[in-house]
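Asks: just coords:
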């Protein structure tokens, strides 16, 4: 990875919050395979670091991420796209699946334009807030392709099938207000307040909650969207409740409640969550037998 490619994303960690920033405003924060590999690596490190409690994505300038960097032609055939070429996978899907599987809550602080992959990468984030100047575009039909990055799975589940159809078939640009009304966003703020609000939400989600409970809840809440009957969720929840109720965090949470004091949780999702991985199996990638 070249120095320029490394500089296109910046990361900081403060008070348990990892910020991943698209930092190439002269290119409208476009994204390519090297940056995706970097983001995936940063999320790997965050999952392994129990001091990191939440992740915030944002951008520099007037764009969050304006989509794939098309300046050098085909991304899949570029010399930087080895991981994509070797696996024959949509590189946007590699990114969204990694965001989906993260063990930490993820907040999108959309400061400006989010188009193409810049829009679809938002979908597996847990909370999405935006600047009142933000714009969103699922523009794939206008580029002669189809929605990517697992968005045909995520988007209808988030905004409903009819609205997802409208947005993707037309490929038109959406205002922050329309994205909010459609359920893509939870709130809209003045540009200079978006990042502070994202940090406030990150603290709210994690400061008084068991780290293991947060990770398990996030995983099951998303996984529940794949389950065909409430009984499937009931089985997983039963296994989780029975096991977590015997953990130190449960005893501490109950004691803190009864004693009217803040809880001091000590669970380590980097180690403790593995016990439950069998509850959320991931299907293999098989391009030769899609569907």
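Replies: Thanks, I have the structure now. Here the structure is a predicted model, which means the values were calculated and not measured.
Asks: Low-confidence regions, the stretch 51-200 of the chain specifically.
Replies: Applying pLDDT under 70 to the stretch 51-200 of the chain flags the ranges 72-87.
Asks: now the nearest residue to residue 24 once chain neighbours are set aside: how far from residue 59?
Replies: Closest residue in space to residue 24, ignoring its immediate chain neighbours: residue 8 at 4.2 Å, by Cβ to Cβ, 6 or more residues apart in numbering. Where C-beta positions appear, they are placed from N, C-alpha and C, glycine not excepted. Going from residue 8 to residue 59 by Cβ to Cβ, to the nearest Å gives 11 Å.
Asks: What are the boundaries of the helices in this protein?
Replies: For the chain, the helices defined by DSSP state H occupy 3-7, 33-48, 82-87, 91-101, 117-120, 151-159, 161-170, 176-181, 194-206, 211-223, 230-244, 248-259, 269-272.
Asks: could I get the ones you listed as a markdown table with mean neighbour count and distance to residue 69?
Replies: Shown next, in a markdown table, are these (neighbours: other Cβ atoms under 10 Å; distance: least, Cβ to Cβ, whole Å):
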| stretch | mean neighbour count | distance to residue 69 |
| --- | --- | --- |
| helix 3-7 | 11 | 10 |
| helix 33-48 | 19 | 8 |
| helix 82-87 | 14 | 13 |
| helix 91-101 | 21 | 11 |
| helix 117-120 | 28 | 10 |
| helix 151-159 | 18 | 19 |
| helix 161-170 | 16 | 22 |
| helix 176-181 | 18 | 24 |
| helix 194-206 | 18 | 24 |
| helix 211-223 | 20 | 28 |
| helix 230-244 | 14 | 39 |
| helix 248-259 | 14 | 43 |
| helix 269-272 | 18 | 33 |
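Asks: Do a quick rundown of the strands in the stretch 1-150 of the chain.
Replies: In the stretch 1-150 of the chain, the segments counted as strands under DSSP state E, counting those that start in this stretch are 9-14, 17-22, 54-59, 63-65, 106-110, 113-115, 127-131, 135-137.
Asks: quick one: contacts for the residue positioned nearest the centre of the chain?
Replies: Most central in the chain under Cα atoms, centre = their mean is residue 125, positioned 3.1 Å from the mean C-alpha point. Applying Cβ atoms under 8 Å, 6 or more residues apart in numbering, we find residue 125 in contact with 57, 99, 106, 107, 108.
Asks: same question, residue 176
Replies: Contacts of residue 176 by Cβ under 8 Å, 6+ apart are 130, 131, 132, 133, 134, 135, 136, 185, 188.
Asks: could I get these as CSV with distance to residue 90 and neighbour count?
Replies: Shown next, in CSV, are the contacts of residue 176 (distance: Cβ to Cβ, whole Å; neighbours: other Cβ atoms under 10 Å):
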residue, distance to residue 90, neighbour count
130, 25, 30
131, 28, 23
132, 32, 14
133, 29, 16
134, 25, 29
135, 23, 22
136, 20, 26
185, 25, 22
188, 30, 20
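Asks: Residue 153: which of those residues is nearest?
Replies: residue 136 (18.0 Å; Cβ to Cβ).
Asks: Touching both of residue 8 and residue 59, which residues are there?
Replies: 22, 23, 29.
Asks: ok, so what distance separates the last one from residue 230?
Replies: Yep, that's residue 29 we're talking about. Applying Cβ to Cβ to residue 29 and residue 230 gives a distance of 41 Å.
Asks: ok, now the second one?
Replies: Residue 23 is 44 Å from residue 230, where distance means Cβ to Cβ.
Asks: On the pLDDT front, check residue 286 for me.
Replies: At residue 286, the model reports a pLDDT of 74.
Asks: what's the distance between it and residue 14?
Replies: 41 Å.
Asks: try residue 190
Replies: From residue 190 to residue 14 the distance is 22 Å (Cβ to Cβ).
Asks: How about residue 155?
Replies: To residue 14, residue 155 is 32 Å away according to Cβ to Cβ.
Asks: Check residue 126 too.
Replies: From residue 126 to residue 14 the distance is 19 Å (Cβ to Cβ).
Asks: Neighbour count for these two, which is higher?
Replies: Using other Cβ atoms under 10 Å as the criterion, residue 126 and residue 14 rank with residue 126 on top: 19 against 8.
Asks: My guess is the residue nearest to residue 24 contacts residue 21. True?
Replies: No: if you go by Cβ atoms under 8 Å, residue 8 and residue 21 don't touch, sitting 9.8 Å apart.
Asks: Please name the residues that touch residue 29.
Replies: Contacts for residue 29 (Cβ under 8 Å, 6+ apart) come out as 8, 22, 23, 59, 60, 61, 63, 64, 65, 66, 118.
Asks: Can you add distance to residue 265 and give those back as CSV?
Replies: Shown next, in CSV, are the contacts of residue 29 (distance: Cβ to Cβ, whole Å):
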residue, distance to residue 265
8, 36
22, 32
23, 33
59, 32
60, 34
61, 38
63, 38
64, 33
65, 34
66, 40
118, 35
